[in-house]
Each structure stands twice: as structure tokens, then as C-alpha cells.
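>>> my questions concern the predicted model and sequence given below.
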Amino acid sequence: MTAKHNHYDVIRKPIITEKATMASEHNAVVFEVDIESNKPMIKEAVEALFGVKVKAVNTTITKGKVKRFRGQMGRRKDVKKAYVTLEEGNTIDVSTGL
């Protein structure tokens, strides 16, 4: 992990959607993460911030859509999501704050 990144820079916020709720049934939690972060950095950050053991990290990058903003064409930002699978017996309650 580089000196310029700390754990709060890597993990931005939890994602609470229908798909993320279905993933939580399989002991997984979904976070929006920094676009520059990699899987070992995400694993280290989750283990340090929440005190749990991480089994696996899967990531996906969603490209930003081109939309109109007040008549001007604009583009939403790209978003990187991390599906963090936890070891058995570990849980993270994302409905409460950090």
C-alpha cells in the first residue's frame, strides 16, 4: 500500500441495492472503491476497518453514462465496485455508519 493511500481513501461507501442485498445472503458485501485501488489494497482496507477476515475480492468497473446536464452533454464518472466475500462467521452491518 502506498503512503498516499489510507484505508478510508480505498473504500468510499457501501452499496445498498437489490443485487447487493442478494449477495449479502452469500456472506458478501459490496463497496464502492477508488478506481486506482487493487484487490490486495481492498482486502487490507476491509480487514483493518471492520476487523473481519476476507475470503475473496471481486471487482468490476462500470463505465459512466453519457447524459444531458441542463441541456449540455456530460458524462458520469466511472465507478469501481468491490464484491468482498467474508470468511464464515464474519459479518459487516452496512446499514449502520462506520
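Perfect, thanks for sending it.
>>> for this structure, list the residue farthest from the centre, please.
Gly71 (31.8 Å; Cα atoms, centre = their mean).
>>> tell me the contacts of it?
For Gly71, no contacting residues are found, by Cβ atoms under 8 Å, 6 or more residues apart in numbering. C-beta here means a position set from N, CA and C on the backbone, and glycine is covered the same way.
>>> so for the strand or helix carrying Ile42, what gets flagged as buried?
Assessed by DSSP states H and E, Ile42 sits inside helix 39-50. Residues Met41, Ile42, Lys43, Ala45, Val46, Glu47, Phe50 are the ones in helix 39-50 that count as buried (16 or more other Cβ atoms under 10 Å).
>>> list the helices and strands that helix packs on?
helix 7-10, strand 11-14, strand 28-33, strand 54-62, strand 79-86 (3 or more Cβ pairs under 8 Å, 6 or more residues apart in numbering; DSSP states H and E).
>>> what angle do it and strand 28-33 make?
110 degrees (axes from the mean of the first three to the mean of the last three Cα atoms, to 10 degrees).
>>> give me the contacts around helix 39-50.
So helix 39-50 is contacted by 1, 5, 7-8, 10-11, 29, 31, 33, 37, 52-54, 57, 59, 82, 84, 92, 98 (Cβ under 8 Å, 6+ apart).
>>> please apply the same query to stretch 21-34.
Residues contacting stretch 21-34 (Cβ under 8 Å, 6+ apart): 5, 9-15, 17, 19-20, 42, 46, 55, 59, 79-88, 90-92, 94.
>>> of those residues, keep whichever come out buried.
9-12, 14-15, 20, 42, 46, 80-84, 86, 90, 92, 94.
>>> how close does Lys19 sit to His26?
In this view, Lys19 and His26 are 12 Å apart by Cβ to Cβ, to the nearest Å.
>>> apologies, that question was intended for Val10.
From Val10 over to His26 (counting by Cβ to Cβ), the distance is 23 Å.
>>> again with Ile61
Taking Cβ to Cβ, one finds Ile61 at 22 Å from His26.
>>> closest to Lys67 among the buried residues of helix 39-50?
Ile42 (28.2 Å; Cβ to Cβ).
>>> mind putting the helices and strands packed on helix 39-50 into JSON lines with mean pLDDT?
Converted to JSON lines, the helices and strands packed on helix 39-50 look like this (pLDDT from 0 to 100):
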{"stretch": "helix 7-10", "mean pLDDT": "89"}
{"stretch": "strand 11-14", "mean pLDDT": "92"}
{"stretch": "strand 28-33", "mean pLDDT": "94"}
{"stretch": "strand 54-62", "mean pLDDT": "95"}
{"stretch": "strand 79-86", "mean pLDDT": "95"}
